[in-house]
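Chemist: What follows is a predicted protein model with its sequence.
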Amino acid sequence: MRLALNFFRVDPGRGGAETYVADLARALDAAGHRVDLLAHDWRDDALPDGVRRVRVPAAGRTRRQRLWDFAVQSEALLRRPDYDCTVGFINTWHHDVIIPQGGVHAASLEANARRFPAGWRRLYLAAKWFNPKAWTYQTIERRQYDPARGAHVVAVSNYVRGHLERYHGVPRQRIHVIPNAIDAGRLAVADPVAARRGFRSRLGIPGDALVALFVAHNFRLKGLGPLLEALALRLRRDPAARPIHLLACGGGRPGAFRRQANRLGLGDVVHFAGFVPEVAEAYAASDFFVLPTYYDPCSLVVFEALARGLPVITTACNGAGEVMTPGREGFVVRSPDAPDHLADALDRMADDAARLEMAGHAERLGRAQSFDAHVARLVALFEDVAAAKAGSRPVAAA
């Protein structure tokens, strides 16, 4: 098939969606499809030679203006009749298939608002809804999901499917639930023991310490604040509890969280590593993974952690938790704002025997989230869409 993938920037170092688009382009090219990437910017070494790069202009002084211009310019290119199927992700429209890796904007805003006390939530939402950037996102999403366009939507979790139905009225027959997946091969390290020892040594983490890993760029949305509160709570409940060191990786601003950790008496056990180019080493250095997120359509880092044999603690606000069996591969707490439940899960991870048993289940589950199987389901959908465009058969719901 002749396929078009449309995304603003493809650079795996910038986050999960960027990594996903690069991996998808590579897999489709390897399967023999002709792939055009319509993007404003990309990292050449993240893409195979067989993928044709098409630079899309994005003019404007602000990010909002550049996003809008990119979407408008993309539409003109996507109208070409020689594409069998066109695929978009976020912040563009006029696709045959949409894969909203970032979920639904309105759902994300409401989740973000839960970080604030009840009295402040309305003010937060009002400020966001009257922000010109939010208008741009809303306008783009309305065009994406306009029934007249008839686009098919890949929901990366049932969590996202519910949001598509609730906020945009997308008919269920146009929603295809295909969970996220990872390329576990990218996570390999040549010498895991040496990587574990070296990473810990650089950050001053004792070799025998119990280490929880947190990876995110948006520290607030992904629940770093509640995680620190839960770590402190378990020590208040039992001062003799086994200490847990927290390794926080990602491009978020650590200042406020560093101060919070110090205020809670956690300054010696919370380590901010910043952005880590080779995150596989951080997995090797850790004993379990924690992401008490307020909103995540289907977190790729959760699947990565599982595949590396790290039991996971996350929340029901994360679509990735749908594949887990609580108590088997980790724990899915109700929300970040349930500190007792989060502290209980942390206590369970401090039990070596229980955690090691969960680690085996976690690795098997993580590796089952095969990117090859994920791509095969996508290709079947793309083929159905191409056939429907050619008038030969309708697209089956999934």
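Modeler: Done, it's in. Numbers count the residues shown, from 1 in each chain.
Chemist: which stretches of this protein form helices?
Modeler: With DSSP state H as the criterion, the chain has helices at 16-30, 63-78, 105-113, 118-129, 132-144, 158-168, 192-203, 224-237, 255-263, 279-284, 300-307, 339-349, 352-368, 371-389.
Chemist: Next, the buried residues of the shortest one.
Modeler: Judged by neighbour count using 16 or more other C-beta atoms under 10 Å, the buried positions of helix 279-284 are 279-284. C-beta: built from backbone N, CA, C; applies to glycine.
Chemist: What is the least confident helix or strand in the chain?
Modeler: Least confident helix or strand of the chain, by mean pLDDT, DSSP states H and E, is helix 118-129 with a mean of 77.
Chemist: elements contacting that one?
Modeler: With contacts taken as 3 or more C-beta pairs under 8 Å, 6 or more residues apart in numbering; DSSP states H and E, helix 118-129 sits against helix 105-113.
Chemist: now the helix it packs on and helix 118-129, what's the angle there?
Modeler: Helix 105-113 and helix 118-129 are oriented at 140 degrees to each other (axes from the mean of the first three to the mean of the last three C-alpha atoms, to 10 degrees).
Chemist: and helix 105-113, what other elements does it pack with?
Modeler: Partner elements for helix 105-113 (3+ C-beta pairs under 8 Å, 6+ apart): helix 118-129, helix 132-144, helix 158-168.
Chemist: So which residues make contact with it?
Modeler: 102, 121, 124-125, 128-129, 134, 137-138, 141, 163, 166-167, 220-221, 294-295, 317 (C-beta atoms under 8 Å, 6 or more residues apart in numbering).
Chemist: Phi first, then psi, for the residue nearest to the spatial centre of the chain.
Modeler: The centroid of the chain falls nearest to residue 299 when counting by C-alpha atoms, centre = their mean (3.7 Å). Phi and psi for residue 299, reported as degrees, to the nearest 10, are phi -70, psi 120.
Chemist: Just give the closest residue to it, not the sequence neighbours.
Modeler: residue 320 (4.4 Å; C-beta to C-beta, 6 or more residues apart in numbering).
Chemist: who's in contact with the one you found?
Modeler: 157, 179-180, 296, 298-300, 302-303, 314.
Chemist: Residue 260 now?
Modeler: Contacts of residue 260 (C-beta under 8 Å, 6+ apart): 225, 228.
Chemist: Tell me the confidence at it?
Modeler: pLDDT recorded at residue 260 is 97.
Chemist: Apart from its chain neighbours, what residue comes closest to residue 222?
Modeler: Closest to residue 222 by C-beta to C-beta, 6+ apart is residue 216, at 3.7 Å.
Chemist: That neighbour touches residue 291, doesn't it?
Modeler: Yes - the criterion here is C-beta atoms under 8 Å, and residue 216 meets it with residue 291 at 6.9 Å.
Chemist: picking that back up, looking at the contacts of residue 320, which is nearest residue 23?
Modeler: Within those, proximity to residue 23 (C-beta to C-beta) peaks at residue 300, which comes in at 9.5 Å.
Chemist: Show me the shaky parts of the stretch 251-398 of the chain.
Modeler: 392-398 (pLDDT under 70).
Chemist: try the stretch 101-250 of the chain
Modeler: In the stretch 101-250 of the chain (pLDDT under 70), no residue qualifies.
Chemist: before we move on, back to that, residues in contact with the residue nearest to residue 222?
Modeler: With C-beta under 8 Å, 6+ apart, residue 216 has these contacts: 222, 224, 250, 252, 291, 293, 301.
Chemist: ok, now which ones touch the third one?
Modeler: So that's residue 250. Residue 250 neighbours (C-beta under 8 Å, 6+ apart): 214-217, 219, 274-276.
Chemist: switch to 7 Å and redo it
Modeler: 215-217, 219, 275 (C-beta atoms under 7 Å, 6 or more residues apart in numbering).
Chemist: which two in the residues you listed are spaced the farthest apart?
Modeler: 219 and 275 (12.3 Å).
Chemist: More neighbours: these two, which one.
Modeler: residue 219 (20 against 12; other C-beta atoms under 10 Å).
Chemist: doesn't residue 255 make contact with the more buried one?
Modeler: No - counting by C-beta atoms under 7 Å, residue 219 does not reach residue 255; the two are 10.2 Å apart.
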